[in-house]
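Asker: need a 3D model of the following:
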Amino acid sequence: MNRGVTIEPWLREILRCPVTHSELVDGVDEGGEPVLVATEADAERGGRLQYPIRDGIPVFLVDEATVLPTEA
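Answerer: Numbers count the residues shown, from 1 in each chain. Here you go, the predicted model:
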């Protein structure tokens, strides 16, 4: 469940995946923690990247991102 993490609309419009430069949407990881998910897949990594949100701050380090496999 998204724990009330809110990102200001003006900031949401300019945030982009640092790898694919695609928009980011809200999501939840396997543990129920909030994440931001790239709307486009990264061909090199084989899926869309999701970035954790820690203490209300998105972590846009590629090494911290996890890959969501592409749907068949």
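Asker: what's across from the nearest residue to residue 65 once chain neighbours are set aside in the sheet?
Answerer: Excluding the flanking residues, the one nearest residue 65 by Cβ to Cβ, 6 or more residues apart in numbering is residue 49, at 4.3 Å. In this view, the C-beta of every residue, glycine as well, is placed from N, C-alpha and C. On the basis of DSSP bridges, residue 49 is bridged to residue 67.
Asker: buried ones in stretch 63-72?
Answerer: Residues of stretch 63-72 classed as buried by neighbour count (16 or more other Cβ atoms under 10 Å): 65, 68.
Asker: correction: the previous question concerned stretch 17-31.
Answerer: Neighbour-count burial for stretch 17-31, counted by 16+ other Cβ under 10 Å, picks out 17, 19-20, 22, 24, 27.
Asker: returning to that earlier point: is it true that the residue nearest to residue 65 touches residue 19?
Answerer: Yes: under the criterion of Cβ atoms under 8 Å, residue 49 makes contact with residue 19 at 6.0 Å.
Asker: so what sits against both of those two?
Answerer: Common neighbours of residue 49 and residue 19, counting by Cβ atoms under 8 Å, 6 or more residues apart in numbering, are 38, 42, 62, 65.
Asker: ok, those residues vs residue 8, which is closest?
Answerer: Distance ranking of these against residue 8, using Cβ to Cβ, places residue 38 first at 19.6 Å.
Asker: okay then, goodbye and thanks.
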